[in-house]
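Asker: The sequence and its predicted three-dimensional model are supplied below.
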Amino acid sequence: MAGHHDEFVRLEGKIFTKSFFVLLTLVIIGFYYIGVRYVKGIGAVSNMSDGYPWGIWIAYDVATGTAIACGGYAMAILIYIRNHWKFHPLIRSALLTSLFGYCLAGFSVMVDLGRYWNSYEFFMPARWQINSAMFEVALCVMAYSTVLIIEFLPAVLWSLENSRGETLRKVSAWLHPRLVPDEAKLASGLEWVRAAAAWLRPRLDKVLVFFIVLGITLPTMHQSSLGSLLLIAATKLNPLWHTGFLPLLFLINCIYIGYAIVIMESIISSYAFKREIEYNELAGLSRIIPWLTVIWLSVRVGDLAYRGQIGNALKLDFYSCFFLLEFCLVAGGSMILFNRRMRRSPRWLFVTATMIILGGALYRFNVYLIGFNPGQGWHYFPAFPEVMITAGVIALEILGYQVLVKVFPVLPNPNKHAASGHAQKPAGLPPGAVPQGK
Amino acid sequence: MKSQSRRDFFKMLGLGGATLLASSVPAMANEKKWVNDEALGMLYDATMCVGCKACMATCKRVNGDYGSLSYERASFDPDGLWDAPQDLSGSTRTLIKLCKESDSRWSYVKYSCMHCQKPSCVSVCPVSAMTKDKVTGVVDYNKDTCIGCRYCQVACSFTIPKFQWEKTLPQIVKCDLCKNTNLREKGITACAEVCPVGAITFGKRKDLLAIAHERLQDNPGRYIHHVYGEHELGGTNHLYLSALAFDKLGLPTLPDNAPAEFSEKIQHTIYKGFVAPVALYSALCFIALKNQKEQEKNGHKEDGE
């Protein structure tokens, strides 16, 4: 992020594509039901009950969605802490996904909260309840969303600096001809914005690393606390999932999901936007995943063995099947990734990344919903409007990503990448490659 | 061997005199520093209950306005002439149910908040909307603070807090021992006051435990020899006596330790004095700054696969 702005490029292309309208339709349906929820209450759109007070809005949008949004976190660890700067070209797209994931998780929480108008209580120190994992998660997620916005700011500032105000002119002309600002006014206004952005950007670059590190600390805290949330449900959560290691398992889980999602997203955007695949970066990333999953699986199995639950895990009943599915997806994906040749094949990379994301996400679903049993007589399966609200939120996430990569320089620069990535030059300072933004 | 003989000694004590047992058990429970036997509670004796539901009707009448409780309709009564709650809900704080074991063996049971000694709902509420009164032991809910996250519902082992799913402006509903209504005006909960057969005894926990053990001793054939709530989840202020197994009455079989103790211990170990997060941040800052400087000096480092 430290000012290498030609490392990233803005994707050229139309914003209003076919997929844009498909996603927009989903978003509109989702928002219609959100409207219904605010008028008629949560019961009108969801199948949640007093036995299952948390449905897919929490299990997917918050618990799983934020793990999927951990790409930015995982990449920041890799680049800034483990000092692998060759992955730097991937960070902005990862950050953008994280930004969307977290902001929309926050948005989903506001849909889910019954007495949302009281949520300012989180900012009242007198109300703070430090025994509550939820309190920790809430503050950390809010802080991290802010940090993500700051981390993404350089891309926005770059675009402001380089804008010519054409979009503004077009939009205002479309709204009403009289709204079109006259040339002189526009030019001076633009000049001012450009100057402000140019003033802010180098200053931001200097302190950015402190925000990036904050962006590593906060997810470490709240991702583990997302696991701690279910510690209290000792009598409701199935022993296959309820353990004192929940915080650790959730933390490792979000990191390997983070790397897998960066791989998957990079391959998808290469295909969708017809760009070259970043082979070297992806192969390097995929090498890390199996080590993390091996640690995770060892903790998981070791803990089950310690608590004498192995028999239950292999019983092949309802809970055991979901445990085995989760286990096989993660273990299978990792096994394939241990093979060097597989790591070079985009197809296998995609398959394994998908397996690991599905397995990791299923683990979170198991903890939050499937392994949760409040007692006899309670059942939960999401209602149609409930699913559509979640689908609308996911659609908004993809839609926003699609649009923003065309507005801001987010994706890796293929020319730059060809020079430093494929040719394997022991590059010192390739001329013109890294013009510092200072 | 020594511990074995000590256990035998306790067993002997228990068989020898229930009075001794009654006094020794609270003493053992008192080892947990948060057990308060002076707290207010209720003892429900399922063998005395006649299922008249007077407690249910009184509860709703007395607390209706306070908890914005409404009447619940039965499917055959669309006009809502008759309040017919099927279960505890966003409109019903206490409920009498009939539990049939066989055609000849059945029992009534009363559901309401157990007012735990170490309540999970209080431990998890992020904004202190759930509180436990230090003196009376009442677990109370404040709707003006509540954000409606429903974590208390997830946490409660008895699934007691209920949410008003059908309301635009919902709240959590649960028994607060008539804290703001009957208890304040008359010094007794409405359900205990109105019960015509004395199935609900209101009083301090230590007195209730003494009464319960006395009844168990006097009529050993009448009851299951267990006071439900004495040790469950570290103890509750709402206690039960029954002739039928408690799990048949819908009261879950629970361990003696409080889940809140377990979760708070882990959370407090991680966040003790907020030292770990600060240390993590400083260490990471140090590494990141070093790496960044190095990187700026070298340009893009090729660290190969």
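Answerer: Good, I have the coordinates.
Asker: buried ones in the helix ranked longest in chain B?
Answerer: Determined from DSSP state H, the single longest helix within chain B is helix B:275-298. Under the neighbour-count criterion of 16 or more other C-beta atoms under 10 Å in any protein chain shown, helix B:275-298 has B:277, B:281, B:284-285, B:287-288, B:291-292, B:295 buried. Placement of C-beta: from N, CA and C, glycine included.
Asker: Could you give the separation of it from the chain centroid?
Answerer: Chain-centre distance of helix B:275-298: 46 Å, with C-alpha atoms, centre = their mean, to the nearest Å.
Asker: What of stretch B:143-155?
Answerer: The mean C-alpha position of stretch B:143-155 is separated from the chain mean by 15 Å, C-alpha atoms, centre = their mean.
Asker: Where do the helices of the stretch 1-150 of chain A begin and end?
Answerer: A:18-40, A:56, A:65-68, A:71-76, A:91-112, A:133-161 (DSSP state H, counting those that start in this stretch).
Asker: Quick check: next helix or strand after the first one?
Answerer: Right, the one you point to is helix A:18-40. Going down the chain from helix A:18-40, the next helix or strand is helix A:56, by DSSP states H and E.
Asker: average pLDDT for that next one?
Answerer: For helix A:56, mean pLDDT is 94.
Asker: Packing partners of it?
Answerer: helix A:384-407 (3 or more C-beta pairs under 8 Å, 6 or more residues apart in numbering or on different chains; DSSP states H and E).
Asker: Could I get the CA-only coordinates of the helix it packs on as CSV?
Answerer: Extracted C-alpha coordinates of helix A:384-407, given in CSV (Å, rounded to 0.1, in the frame of the first residue of the first chain):
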residue,chain,number,x,y,z
PHE,A,384,-37.6,-17.9,2.0
PRO,A,385,-37.5,-14.1,2.8
GLU,A,386,-34.7,-14.8,5.3
VAL,A,387,-32.6,-16.5,2.6
MET,A,388,-33.4,-13.7,0.2
ILE,A,389,-32.2,-11.1,2.6
THR,A,390,-28.9,-13.0,2.9
ALA,A,391,-28.7,-13.5,-0.9
GLY,A,392,-29.3,-9.7,-1.3
VAL,A,393,-26.5,-8.9,1.0
ILE,A,394,-24.1,-11.3,-0.9
ALA,A,395,-25.3,-9.9,-4.2
LEU,A,396,-24.6,-6.4,-3.0
GLU,A,397,-21.1,-7.5,-2.1
ILE,A,398,-20.3,-9.0,-5.5
LEU,A,399,-21.9,-6.1,-7.2
GLY,A,400,-19.9,-3.6,-5.3
TYR,A,401,-16.7,-5.4,-6.0
GLN,A,402,-17.5,-5.5,-9.7
VAL,A,403,-18.2,-1.8,-9.9
LEU,A,404,-15.4,-0.6,-7.6
VAL,A,405,-12.6,-2.5,-9.5
LYS,A,406,-13.7,-0.4,-12.5
VAL,A,407,-13.6,2.8,-10.6
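Asker: mind listing what's buried in that helix?
Answerer: A:385-402, A:404-406.
Asker: about what we covered before: pipe the helices of the stretch 1-150 of chain A into a markdown table and attach mean neighbour count per row.
Answerer: Output for these, formatted as a markdown table (neighbours: other C-beta atoms under 10 Å in any protein chain shown):
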| stretch | mean neighbour count |
| --- | --- |
| helix A:18-40 | 15 |
| helix A:56 | 26 |
| helix A:65-68 | 26 |
| helix A:71-76 | 27 |
| helix A:91-112 | 23 |
| helix A:133-161 | 21 |
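Asker: which stretches of the stretch 201-305 of chain B form strands?
Answerer: B:238-241 (DSSP state E, counting those that start in this stretch).
Asker: Mind telling me which residue of the stretch 151-300 of chain B is nearest chain A?
Answerer: B:Trp165 (3.1 Å; C-beta to the nearest C-beta).
Asker: List the contacts of the residue lying closest to that residue once chain neighbours are set aside.
Answerer: Of all residues not flanking B:Trp165 in the chain, A:Gly43 sits nearest, at 3.1 Å (C-beta to C-beta, 6 or more residues apart in numbering or on different chains). Contacts for A:Gly43 were tallied using C-beta atoms under 8 Å, 6 or more residues apart in numbering or on different chains; they are B:165-167.
Asker: Let me see the mean pLDDT of stretch B:36-45.
Answerer: 94.
Asker: Now that stretch - C-alpha only, CSV.
Answerer: Provided in CSV are the C-alpha atoms of stretch B:36-45 (Å, rounded to 0.1, in the frame of the first residue of the first chain):
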residue,chain,number,x,y,z
ASN,B,36,-26.0,-16.3,47.8
ASP,B,37,-28.4,-18.3,49.9
GLU,B,38,-30.0,-15.1,51.2
ALA,B,39,-31.4,-14.4,47.7
LEU,B,40,-35.1,-14.5,47.0
GLY,B,41,-36.6,-17.5,45.2
MET,B,42,-39.5,-19.8,44.8
LEU,B,43,-40.0,-23.5,45.5
TYR,B,44,-42.4,-25.2,43.2
ASP,B,45,-43.8,-28.5,44.4
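Asker: residues contacting the residue of the stretch 101-250 of chain A found nearest chain B?
Answerer: Closest residue of the stretch 101-250 of chain A to chain B, C-beta to the nearest C-beta: A:Gly114 (2.4 Å). Counting by C-beta under 8 Å, 6+ apart, A:Gly114 touches A:42, B:146-150, B:163-164, B:170-172.
Asker: could you redo the last one with a cut-off of 10 Å?
Answerer: Applying C-beta atoms under 10 Å, 6 or more residues apart in numbering or on different chains to A:Gly114 gives the contacts A:41-42, A:53, B:146-150, B:163-165, B:167, B:169-172.
Asker: Give me the local confidence score for it.
Answerer: Reported pLDDT for A:Gly114: 94.
Asker: With B:Leu20 instead?
Answerer: pLDDT, read off for B:Leu20, is 34.
Asker: Kindly report the same for B:Glu305.
Answerer: 34.
Asker: Just the endpoints, please. Distance across stretch B:155-174?
Answerer: 14 Å (C-alpha to C-alpha, to the nearest Å).
Asker: is it true that A:Thr220 touches A:Ile81?
Answerer: No - if you go by C-beta atoms under 10 Å, A:Thr220 and A:Ile81 don't touch, sitting 11.0 Å apart.
Asker: between those two, what contacts are shared?
Answerer: B:Leu284.
Asker: between the two, which one's more packed in?
Answerer: Legend: neighbour count by other C-beta atoms under 10 Å in any protein chain shown for A:Thr220 and A:Ile81, higher for A:Thr220 (20 against 16).
Asker: which other helices and strands contact the helix or strand where that one lies?
Answerer: In this structure, A:Thr220 is located in helix A:183-228 according to DSSP H and E. For helix A:183-228, the elements it packs on are helix A:65-68, helix A:71-76, helix A:91-112, helix A:133-161, helix A:166-175, helix A:246-272, helix B:259-270, helix B:275-298, judged by 3 or more C-beta pairs under 10 Å, 6 or more residues apart in numbering or on different chains; DSSP states H and E.
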